[in-house]
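Student: What would the 3D arrangement of this be:
(chains A and B)
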Amino acid sequence: MKFGVVVFPGSNCDLDAYHLLKDVLNLPVEYIYYNQKIVNNYDLIILPGGFTYGDYLRSGAIARFSPVMDTIVDFAERGGLILGICNGFQVLTEAGLLPGALYRNSHLQFRCEKVYLKVENNNSPFTVIAKEGDVLKIPVAHGDGNYYADPATLKELENNKQILFRYCDQEGNVTEQANPNGSLLNIAGICNSKRNVAGMMPHPERAGEALLGSTDGLVIFKSILKSLERGGWTDG
Amino acid sequence: MDNVAWRELGLTDEEYRMIVEQVGREPNLTELNMYSVMWSEHCSYKHSRSSLSLFPTCGPRVIQGPGENAGVVDIGDGWAVVFKIESHNHPSAIEPYQGAATGVGGILRDIFTMGAQPVAFLNSLRFGDLEDPRVRYLFDGVVAGIGGYGNCVGIPTVAGEIYFDPCYSGNPLVNAMCVGVMPKDSLVLGKACGIGNLVILVGARTGRDGIHGVTFASEELSEESEEKRPAVQVGDPFLGKLLMDATLETIRKSLVCGVQDFGGAGLTCALTETASRAGTGIEIDLDQVPLREEGMQPYEILTSESQERMLLIVEPGKLAEVEKVFQRWELPLAVLGKVTSDGNVVALYRGEKVVELPADSVAGGAPAYNPEYREPVYYNELAKFDPSVMPPPGGFGKALLKLLSSPDVASKEWAWRRYDYSVRTCTVQGPGGEAAVIRLRETGKGLALSVDGNGRLTYLNPYIGGMMAVAEATRNLSCVGAEPIGITDCLNFGNPEKPEIFWQFRQAVTGMAEACRELEVPVVGGNVSFYNEVEGEAIYPTPVVGAVGLLDNPEKACSNALGSEGDLICLLGAPEVSLGGSQYLKSCCNKVAGRLADIDLQFEKRLQEKLRLLIAEELLVSARDLSDGGLSVALAESCLAGNRGAVIDLGRMDNLVMQLFGEGPSRILISFKPGNRDKIVMLSKESSIPLTFLGIAIENTLIIKSDDDIILKLSLDEMKEAYGEVFSCIMG
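Tutor: Numbers count the residues shown, from 1 in each chain, chains lettered A, B, ... in the order given. Below you'll find the predicted structure:
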């Protein structure tokens, strides 16, 4: 098994993802630099959070043209598992691997806080060990996390059960008050229709140790491990 | 030379005479500009140097004291912590976003310059009255700028403090602190060592921003200050992050022998300080400096404060490897020249020698002044004020709500949730605690970090206020269970050429130094910011202390939140308090006056030691320092943090206002399981530390009784509303 964490210029949660996989979950992991081609067969590639290229122009808009992205698109098309976290989610939408876009937070401010996520769908390699309706406590830290998609896309996301997580309160109620950034339908994380590429604004890699306040983020990584043990993900 | 030239550049006739004497001739205009920035107050500490020598700067853990880019303290296991605080007040008064952002960027570079991986930011901020729309603009801009830089570089902003007073209206204070860690043996100093070694500039191109920024920071603010906007630098955190990673890589790979960041006074400072520290000289070619625009004059290239630049001293044989590291991140690198042996800094421009100055003279030859000082008239006047005549307007409950909703006391979540405080996954306790706690992945230990200052107290009594700042910062560390191991200070004062201001400075430094000595905590670095005045009106003298503590086991870090119902609540420490200078007088009675409670530093030390022992033995559920607003506010905040109520009985008391709202040092509110009571009683008796039983934790309501009469009763929701929503309401 081998995991890869992509490092773009300006990525800054690469260390956290690397640390979680290596030190908390004891998994083999290596960095993949923005100017490399992927030569190894990874079981999962993480696009971490940060401010790639300073997020100048638009979050993720420049990173998606990095040399490494061509092979990441190939990897996705071959069915490889990809998880984009925060800025990584933004890069995935810019690259067209996930639908929709992440706008500036509706209140226009950066927001760092613990939020609650309702697992909407466990029919994905990223959520398979969760029960639908489970509530996970995971932090957010972003300025551009306001998920937007046109009504037809939103409908498709719902019909295909591509919405993995929605912002909710501690009891699991999906409310406006629990929405930290104005995302449509309180969407916090989605996957593509083939279900091998997922993006989420909250940081599961920051919720992997009790000392740091929550271990709920492990649900996502353990789900990935479980589906890899089963020999990968076949839709359905 | 035309005798206006040096005066216009902020140098006195006497200083000019000294320059001529030290150089052995009259300097040319380029050279004079270099002297002007290096002999400015900001760079030369000419008014503060002699007072700063009062600070204890040594100790068994100190690896590097003041004088380098940052202080370095041993934290065991072969590791060291590197930290420093610095002001960026003047730029923030003019351009709050960039002023604050470059303050953060500048202090970040000071830390990684030494070879340390930055792991945390803290900040201490002061603003005027939020009624004033310009103050709200400054406040919002500064908070956005701190977040804008810190969030992007991926270093968490874990703690801070914010206070408001009309004296800071036109002159906000923005003090930024950065903390890093490194293996002890990878320490790199800002020295131009090794004759023939290459002098390399990496990072941003040099432009016309920030020219004479340090001279601007060394004068009072006025209506004309707006015209100094070009003296404010512009930050590029993306470049800053790449520069940090690449520089640290060259240090880890032992490719560099000296590193210096470009801060105030730009290239001039970097060249002369590195040469002066190493006892060498440097010769560079200004035509090699990558420029942002054409037609820049030598003096502009030499004094520009363009951000995100570093100076590296590299052996010629290692150049190729250094280039490789910087190329990976597509960072520009330019070889400017080499290290020489003659002690001079020489600069060529288009083949002509335009500068030839002794490095020691430029970097260290400025005079040290011992300004006149005089006790200000207000000092005795205000101390005479008798606060006992100030009853609570509208009852105790109303007074407490008023305090909780005052911007000084109210929750600052509005600001800190705009800072990423959990990136790097090391933040065990973030903002809102007594001190932040971060775990060290490499050693398993923890660092506790706190930043504290109280301008109002220091105004009323600079000597005691100085002591209190040190005592409170270290007490906050002890409240989470950490042993204080070093401090860095940022001394924000008015114009030191005024005797009353210099008296404040002198008194405060004396008090701080005494506290450091008694509490055995060395000062390993810091910064002085004078001339914090607008149109002749000075700010409160505001020394800010950044303190660093060591925790053997971060899992044992104590919180400040009440735990379960039934837990006992006690006051540990001195019962003496005063209403003089209290938050209560300010917020409820609109009065800043009175005599401060005394501080017994020996007692303070014993108290902190005992508190740390109680936490190490895992006897406590919570610990909270009593500060602004006294006992009542500490109780309310502990309730709010733990989502718990409390019922407290003060017994028969004569002066309830004093009991509830009086302030004094050396007091901690603790809570614990009833089963630990006997042990805690015994341990506090052992060190003769008073322990007063106050009550127990209950559900949902704070009730305070005196002799069975309920004198205050507030629901958690009422307190939450007062405490939690102030800034969202004012700032949106």
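Student: So what touches whatever helix or strand A:Phe89 lives in?
Tutor: Taking DSSP states H and E as the criterion, the element that holds A:Phe89 is helix A:87-94. The contact list for helix A:87-94, computed with Cβ atoms under 8 Å, 6 or more residues apart in numbering or on different chains, reads A:6, A:8, A:11, A:13, A:46-52, A:55, A:58-61, A:63-64, A:69, A:82, A:84, A:98-102, A:142, A:144, A:189, A:197, A:199-201. Where C-beta positions appear, they are placed from N, C-alpha and C, glycine not excepted.
Student: change it to 6 Å
Tutor: Residues outside helix A:87-94 that contact it (Cβ atoms under 6 Å, 6 or more residues apart in numbering or on different chains) are A:47-50, A:52, A:59-61, A:63-64, A:84, A:98, A:100-102, A:199-201.
Student: Give me the nearest residue to residue 103, chain neighbours excluded.
Tutor: By default, I'm working from chain A. Leaving aside its sequence neighbours, A:Tyr103 sits nearest to A:Asn146 (Cβ to Cβ, 6 or more residues apart in numbering or on different chains; 4.1 Å).
Student: Actually, chain B is the one I wanted.
Tutor: Nearest to B:Gly103 is B:His88, by Cβ to Cβ, 6+ apart, at 2.9 Å.
Student: how many other residues sit next to that neighbour?
Tutor: 32 (other Cβ atoms under 10 Å in any protein chain shown).
Student: Please apply the same query to B:Lys713.
Tutor: B:Lys713, neighbours per other Cβ under 10 Å, totals 15.
Student: so it makes contact with B:Ile703?
Tutor: Yes - B:Lys713 is within contact range of B:Ile703, at 5.0 Å (criterion: Cβ atoms under 6 Å).
Student: Now do B:Phe262 against B:Ser450, distance only.
Tutor: Distance, B:Phe262 to B:Ser450, by Cβ to Cβ, to the nearest Å: 29 Å.
Student: higher neighbour count, those two?
Tutor: B:Ser450 (32 against 26).
Student: show me where chain A has helices.
Tutor: A:14-19, A:67-77, A:87-94, A:151-159, A:218-229 (DSSP state H).
Student: One more: the stretch 151-300 of chain B?
Tutor: All helices of the stretch 151-300 of chain B, identified by DSSP state H, counting those that start in this stretch, fall at B:213-216, B:237-252, B:266-278, B:298-303.
Student: Chain A is nearest to which of the ones you listed?
Tutor: Smallest distance to chain A across these (Cβ to the nearest Cβ): 2.9 Å, for helix B:237-252.
Student: quick one: contacts of that closest one?
Tutor: By Cβ under 6 Å, 6+ apart, helix B:237-252 touches A:9-10, A:54, B:105, B:112, B:115, B:149, B:152-153, B:188, B:203-204, B:256, B:308, B:310, B:322, B:325-326, B:329, B:331.
Student: So which bits of chain B are right by chain A?
Tutor: Counting by Cβ under 6 Å from any Cβ of the partner chain, chain B comes close to chain A at B:147, B:151-152, B:154, B:238, B:242, B:329, B:417-418, B:420-422, B:425, B:428.
Student: Confidence-wise, which of those comes last?
Tutor: When those are sorted by pLDDT, the bottom entry is B:Trp329 at 88.
Student: Give the closest residue to it in space, chain neighbours not counted.
Tutor: That would be B:Leu242: by Cβ to Cβ, 6+ apart, it lies 4.3 Å from B:Trp329.
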